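Visitor: Generate a structure from the sequence data that follows.
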Amino acid sequence: MKKLLINLLMLIASVNVFAGVDTSTDSDGVILAGYDTVAYHTENRAVKGNANITAEYNNATYQFASVENRNLFVANPAKYAPAYGGFCAFGTGLGKKFDVDGKAFQVVDGQLYVNKNLNVYKTWKKDISGNIKKSEAQWPKIKDIPANEL
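Guide: Coordinates of the predicted model:
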């Protein structure tokens, strides 16, 4: 029964509830440069995921460091998915979509924000709330536009 429930939750997580939203993935469809999105929340650090422990959500493959983390994600993917399709939070505020290295992140009020790299993160961190407001204003305008068209 437990295995059936987990499989059902994984199926639900794989349904694309945000059709059309561009996500920041590599050529294999992996988001967050392969880092474990749950670990950002639970360990407050960037932990590399395992290519054999994955889940699909919003047209992206998430990799996890453990089956437990994958199961947490599958049970509530919206809780752990990054803001702005996994694109750089600072870049989003500029109306751009930049890929991220997975190492520069911050969880703010339960929401994961990632940035291009640690240098960009340092700039973003100087005014987190102001930068989030800018990104929130820009995201609806750019979310459906492919990154290479911005």
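Visitor: Mind naming the longest strand for the protein?
Guide: Among the segments of the chain that qualify as a strand by DSSP state E, the longest is strand 50-57.
Visitor: what about it, distance to the chain center?
Guide: Taking C-alpha atoms, centre = their mean, to the nearest Å, one finds strand 50-57 lying 13 Å from the centre of the chain it belongs to.
Visitor: Quick check: closest non-adjacent residue to the residue nearest the centre of the chain.
Guide: Compute the mean C-alpha point of the chain, and by C-alpha atoms, centre = their mean the closest residue is Pro82, 2.9 Å away. Counting by C-beta to C-beta, 6 or more residues apart in numbering, Pro82 lies nearest to Leu112, which is 4.4 Å off, once chain neighbours are set aside. Bear in mind the C-beta positions are built from the backbone N, C-alpha and C, glycine included.
Visitor: so that neighbour makes contact with Lys79?
Guide: No: counting by C-beta atoms under 8 Å, Leu112 does not reach Lys79; the two are 9.2 Å apart.
Visitor: Now the common contact residues for these two.
Guide: Taking C-beta atoms under 8 Å, 6 or more residues apart in numbering as the criterion, Leu112 and Lys79 both touch His41.
Visitor: mind listing the strands for the chain?
Guide: Counting by DSSP E, the chain has these strands, from start to end: 50-57, 60-64, 105-108, 111-114.
Visitor: wait, which of those is closest to Val38?
Guide: Nearest to Val38 among these is strand 60-64; the distance by C-beta to C-beta comes to 6.4 Å.
Visitor: Tell me, how many residues neighbour Val74?
Guide: Here the neighbour count serves as a burial measure; for Val74 (other C-beta atoms under 10 Å) it reads 24.
Visitor: What separation is there between Ile145 and Gly95?
Guide: Distance of Ile145 to Gly95, computed by C-beta to C-beta, to the nearest Å: 9 Å.
Visitor: nearest residue to Gly49 other than its sequence neighbours?
Guide: Excluding its sequence neighbours, the residue lying closest to Gly49 (C-beta to C-beta, 6+ apart) is Gln63, at 2.8 Å.
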